[in-house]
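Novice: Compute the structure for the input listed below.
(chains A and B)
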Amino acid sequence: CKKKLIEDPKSILTPAFFSTTQGFQQGLDAAYAGTRLIWGNQDYFTITVIGTDEFRRGIDGNSDINVYSSGYTPSTGVINANWRNAYTFINTCNGVIDNAANVDVPAAKKKTMVAEAKFLRANYYFLLVQFWGDVTLNKNFVSTPSTAATRQPMAEVYDFIVQDLKDAIADLPAGLIKDVLPGKATRAAAKHLLAKVYLTRGGSSAAKATDYADALVTAKDLIDTRATHGLNLLQDFGKVFEEGNEANSEVIWSVQHTSNLAFNGPNNSGVSNFSADNVLNHMWVPQYERQPAMIRSTLYGRPYIRCIPTRWTTDTVFTNKANDTRYGKTFQTVWLANNPDPASYPKWPTPLPAGAPAGAVSGQPKFAFGDTAIFMPGVDRTNAQIAASKPLVIPPRNYNSSLSPYMMKYNDTKRANLNFPSIRPVIAYRLAETYLIAAEAAFRTGNMGDAVTYINTIRTRAAFPTGDPLTLQITAADINIDFILDERTRELCGELTRWLDLVRTGKLLERVKLHNSEAAPNILSKHILRPIPQAQIDAVVTGPKYPQNLDW
Amino acid sequence: QDAKTITAKGVITSQAGEPLGGVNVTVKGSTKGVITETDGSYQLEASPNAVLVISYVGYLTREIKLGNTSAVNVNIQLLPNKNEMNEVVVVGYGTRKKSDVTGAIVSISEQSIKDIPAANLTQALQGQGAGIDIQKNGGNSKPGATPSILIRGSRSVRAGNDPLIVVDNIPFNGNINDLNQDDVASVEILKDASSTAIYGSRGANGVILVTTKRGKSGRPVITYNSYVGQVRVLKEFPVMNTQEFAAFKKWALYNGRFSGNNRTYSSPDDPLLISQNFSAEEIESMNTGRSTNWQKLMYKPGIITNHQLGYTGGNESTQYALSGGYFKETGIYYGQGFERYSLKASVDQQFGKRVKIGISTLNTFTVTDGEGANPMGQALRASPMVSPYNPDGTLLNDFVPGSASQVWNPLANFEVEGASIQKRKRFGTFTTAFADVNIIKGLKYRFNAGVELRNDIYGDFFASKTTNNLGGLSTSQNRTSFRTNYTLENIITYDKTIAKKHSVLFTGLFSLQEQVTQGNEFRNNTILSDDLEYFNPTYGANLVGEGSHEKWDILSYMGRLNYSYNDRYLLTLTMRVDGSSRLAPGNQFKTFPSAAVAWNIWKESFMDNVSAFSNLKLRASYGRVGNTAINAYQTLGSLSPVVYNFGDITTTGLYLSNVSNPDLTWEYTSTVNVGLDFGMLKNRLSGSIEIYKQFTDNLLLPQNLPSTTGIPNAIVTNIGKTENKGIELQLSSVNFQGKGRKDFSWTTDLNVFINRGKITQLANGVTKDVANNWFVGHPIGVFYDWKKVGIWQATAADTAAALALGQTVNGVGSVIGNIRRADISGPEGKPDGKLTDTYDRMILGSSQPKWEGGITNRFSYRGFDLTVVAFARWGHMIRSNLHGGGFANTFQGTYNNIKTPYWTPTNGENEYPKPNANNTNTPNNSLLGFFDGSFVKIRTLSLGYNLPPSYIKRLRARAVRIYTTVEDPFILFSPFVNKYGGIDPEAAGSSTSPSNATLNLDTPSNWSLILGINISL
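Specialist: Just a heads-up that it's a prediction; the model follows:
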């Protein structure tokens, strides 16, 4: 009878499965899946995009963390979400790496798989060390509960990351990126990340004297060997973020999302309580639908309006809009009337405003379905000009937190309907950034010639097809760290790295105060590090308290 | 001769007119006596002016003085005796005479269950017993919804507080809806640990013992019970009409539209505001006063009907009972309904002198429609200014205009056939059998077996154009589960009286219970044709599915010793050992002991002269029981799936999410109980008082691990403690006792109880767990939030005060007109001039009532009977999602709103904030949702008429009763209803958060009126 009391589960998998050969493969897949909680997820977007010189809080954005108000505390949810997710999938990587010795997989395949896990682990740790500084360093799989934890010095964590990436570079596939499955780790991706890690450590308190030189060598190596990976800059900046073109030759590594609606749909893709959807398509969409002749549509998106570009981004940093095509390819400034209801169209008043266009008739609609309904010229217009215009004209002075130019790199028109998340992979690392990393490392090491070359390569491409590339060329005299940061905005605007770029270069406080009017009065030096989540501190009840970051 | 004896004859019936067979009719002071026939008739000779004594177990003994005429026709009606000492009470693994009971048990009679014709047994028990708290779960009033039951409050924070239900001696794992109320003969509720200890690891939340009807020997009896009636909505939710909403929306836009720090509009009536924000249709409505009442278009009366046909009979050796029932209730809007078909059969057969076997089978098939369908959130938000129909009269099957593309026409769910379907079909059989063997005198062996098979199929389909999918993809899902559960019990009893005064009864048990549940679920979308509903995933896209399999076993040994000395001093000792598969090996067997003593004071010789007491008993018990709610496999840990794709290749990864805790054990509850039973004035006043204290330890609580461990889910551990204490009073009185059918009779059953629960320990010295609403020293699940102190007024004083608290007073973010929160405290323990989550939130109240009670009054006169059942909960707090949270009281003006007197700069409103189009919800809107939940409710009003015996005789019937019943007609003394426009404050949380009483924005409460007939042939 006592045999009846033995449990034999049939529909759950117990931790022992993880160390089987099959579990080894599924563990690695899970380690990849964790990257979806970063690239595409709102939590990571929130801590990398908003509250910078590039973007400030939109009307539906978070009024605490994004403006550094007193409501931004160690209890702020997104902080904990990023922290927890990173550690959960570090443990998954650790499980894969530790179990490798015990599983029955051909040696070559096993070596690659371990290298993939190391590449992913390096990503997770890099995220942790950049946001929080000294962090807990788990080098091995944890499968027994513990309520104790300590923080290891940043230098130790960086050493671990560097070693992981060196191992990954040695063991990951070296050939064409297109020869591996989309989203898989490659030697090129590990090189790109290692260059960025060196560059970042070089700007941190854990800096080593060789960091900038190592960053330059690593980035340069990738650029020089790009052909062996099938990598190259696209001719047209506009094609880099074209829908459906996420596997283009400029992309070093992307995080996959899917058009398979079984696994992508509001909250489908996570399975177990994770919100792993790519919602980047929603984040920047302004409230265009509240304007005359407009309704919400899949094409123009669902107005989450979490952030809007700062006036510095829209008005200042793109200096040569005539020849630098990137502003026009990054921001949408025209919306066409899409409301089928004729009553929604604005009508010319009586009397007609001065300067009304020919054909304007009092009481008649100003324009029709399919005509321009909203236009942001990017330069000022007088109130009289606005009144006499057919579409709604919004000059920069009238930008507000619900309607201003739309950062459209993540726009997605092929998702199931307007409420659905994006089906597009998110580009995590691309070659243009490798050039900018190389340029920054070259500048830091005094190799101004290299810096000029790399930046001009990017700027030359930016002129295509209508601009004159010669007008965009710079010389060594133009280069300083602010110029590099400006160039990064022009090239990488909105690409989930800005906050970290500002921290790496020590410019977060200065630039937020200069360009982000809402956050400027609030930001303090403690904000350079994210607070250790209160949940972490509360859960450490054995041994010494888990230390909080300074002034939090 | 004639002067010396007269012949008395007549019929003895129950209050309801049902003939009673086997009643003792004796002549007082003599040995003369007869027993009534099955039709209740009797005849005997007696001297003139003699007194007849009519006695029957379960009924009050009556004495009738005869006249001096011969052949007296004496028809007598007996009233049930609430506290009859010889009545047999089911105690679990056996029965006891009431005078021998040592624990705290509430018996609910067949009569009380009959009084309240309800959809399920739980509803019928509402207000009937002290310590039994039954409420609508989440305020859910859908047909087929099951209420939540708490016995003596809640003690577990995570493991559930549902009592164990035992039907015909076998633990029952079905839904309460799987039982037909008409098949139930009696219900006993075991409350103290001495009574529940025999159920060991499953006894902590109390035990409900249900005994079903079985056959009786005698002439076959056919019964037919039936009723039909209507269900109507109790009240509409109070939302704004066109005029009100238009004014509200204008204020919202005026308050919420700014360019920089300048208002966009000059006033709420700015023509620009109207032209920019109101459509032509809306403006026309404003001008004409045309208003759409969406609720009126949705609600329609539901029907309720019940039919039960029964046939019982038997002889000395064989008894049988057969019954079939049908119940149906449809909801107050289309698509909701609950139907139950039931069939019950039982046979009991004596073989020779030593062996008796019996079998009983309960079979039910239920169909629940629309159990989750809830268009209310959309219906209440739909603008009253627009029409649900197109100009050509067809249904507008689209977003309701003027609702920011968020509200779909709620009528689309109903008026388009097949657009919204949710159907649950359950079929189950619960069969119990026993064999009794008298081995030698006093020694009996009993074998009990029970098998429960239950199949549950659920499917739903929502077309694209419904409030569920808002024009997106059509969706469907299909879930099936099949459960088998069997119980085998071997029971030995030995009954012996030694030297006439020492009475010993030993009960020994060995039992095994096993349950296996298996389930599958699949979902898909983009179904090719709406006609396919949820049946065939082949014609849909994006199929995903899950499956489950769970098996658990309990192996039990139990011993119980009942000892009584001279019927005066009683002792019960119980010990149960449960071994459970759900605990880790080496840790599986746990022991649950209890002891109880009682003293029948009324049997003492010194009480002989105290004629006032017909019963007086003092009881005391102590015991320890468990709460079994650890899920199978929880001690093993688990991996979780996570989906990823490499391009088009989808893969399911696995990561470690839960680690094992081999030390996991039950929650234990120890209870001390002292009770006093009393009967006075020949039991015309009887009742009991209970005082108890419970200590629950080893509370199952999730312990959060530091995220840095990489283990994301909390581990469940046994930490934490709770306590409950309370007083319960149960009283029955016969206020007027008529002599016969024509006389006026009035009886009252009353129960009042008080329970005070609190958490006494949480994990690792934590004294407050804000995330879960757990606070040491407070009841489970309090309401913790900011303290609202009115609305920020547009005065210089308020502006200064707001600024001092760091609040914005200008522009779009101005707090003026918003909810004002108090600065309660700060790091120094006093107000710090800041509003912070940490220091300025407080416990606002708890859903634990100060007291609860129920009262049932029964009146009868000339064949009419009137029953009034009322119950009350008093002095607790509820949270209403209608008012705070949810989407119906946002003050955004984008959608229709609850009709509230909102703030404007000049009206000084101090309760409700300003409308503001710029805020999705008015800041701190949760503070609008807390209310005093006190109420007194009339549960049932029932008026019946028993046809006179002469008439019944002509019909060749035994009894016929016709009646009309109103269910839930009135809610009295409820501030939530009377002052704040709520509909019904009755709301309980879920089983795992029982005290988190929240009224969801869901199907409103309803009332019903039925007409019924009971016929017995």
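
Novice: center of the chain, which residue is that?
Specialist: I'll assume chain A. The centroid of chain A falls nearest to A:L496 when counting by CA atoms, centre = their mean (2.0 Å).

Novice: should've been chain B
Specialist: Short answer for chain B (CA atoms, centre = their mean): B:P147, at 2.8 Å.

Novice: my guess is that residue meets B:D133, correct?
Specialist: No: B:P147 lies out of contact with B:D133 (CB atoms under 8 Å); the separation is 9.9 Å. Using the backbone N, CA and C atoms, a C-beta is placed for each residue, glycine as well.

Novice: ok so, going back, got a list of what the residue nearest to the centre of chain B touches?
Specialist: B:N120, B:T122, B:Q123, B:Q126, B:I134, B:Q135, B:K136, B:N137, B:A988 (CB atoms under 8 Å, 6 or more residues apart in numbering or on different chains).

Novice: Contacts only, for the first one.
Specialist: Taking CB under 8 Å, 6+ apart as the contact definition, B:N120 lies against B:T146, B:P147, B:I176, B:N177, B:L179, B:Q181.

Novice: what do you get if the cut-off is 10 Å, keeping everything else the same?
Specialist: B:144-147, B:175-181, B:327, B:338, B:340 (CB atoms under 10 Å, 6 or more residues apart in numbering or on different chains).

Novice: Show me which residues of the stretch 801-950 of chain B are close to chain A?
Specialist: For the stretch 801-950 of chain B, the residues in contact with chain A (CB under 10 Å from any CB of the partner chain) are B:G806, B:V812, B:G813, B:K834, B:L835, B:T836, B:D837, B:T838, B:A917, B:N918, B:N919, B:T920.

Novice: Buried residues, stretch B:110-125. List them.
Specialist: For stretch B:110-125, a neighbour-count test (16 or more other CB atoms under 10 Å in any protein chain shown) marks B:111-125 as buried.

Novice: Phi and psi next, for the residue nearest to B:I719 when sequence neighbours are not counted.
Specialist: Nearest residue to B:I719 in three dimensions, chain neighbours excluded: B:A763, at 4.6 Å (CB to CB, 6 or more residues apart in numbering or on different chains). With angles defined as degrees, to the nearest 10, B:A763 sits at phi -60, psi 140.

Novice: What count of nearby residues applies to B:A763?
Specialist: By the criterion of other CB atoms under 10 Å in any protein chain shown, B:A763 has 19 neighbours.

Novice: so it touches B:W774, yeah?
Specialist: Yes: assessed by CB atoms under 10 Å, B:A763 is found in contact with B:W774 at 9.4 Å.

Novice: Would you mind giving the secondary structure of B:T484?
Specialist: strand (DSSP: H, G, I helix; E, B strand; the rest coil).

Novice: do you know how far it is from chain A?
Specialist: Going from B:T484 to chain A by CB to the nearest CB, to the nearest Å gives 14 Å.

Novice: how about that residue, what does it touch?
Specialist: Taking CB under 10 Å, 6+ apart as the test, what B:T484 contacts is B:V451, B:E452, B:L453, B:R454, B:N455, B:E514, B:Q515, B:V516, B:T517, B:Q518, B:K551.

Novice: Format those residues as a markdown table; extra columns: neighbour count, pLDDT and distance to chain A.
Specialist: Formatted as a markdown table, the contacts of B:T484 follow (neighbours: other CB atoms under 10 Å in any protein chain shown; pLDDT from 0 to 100; distance: CB to the nearest CB, whole Å):
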| residue | neighbour count | pLDDT | distance to chain A |
| --- | --- | --- | --- |
| B:V451 | 16 | 96 | 16 |
| B:E452 | 23 | 95 | 17 |
| B:L453 | 15 | 96 | 19 |
| B:R454 | 20 | 95 | 18 |
| B:N455 | 15 | 96 | 18 |
| B:E514 | 16 | 95 | 7 |
| B:Q515 | 18 | 95 | 11 |
| B:V516 | 16 | 96 | 10 |
| B:T517 | 18 | 95 | 10 |
| B:Q518 | 16 | 96 | 8 |
| B:K551 | 18 | 95 | 8 |
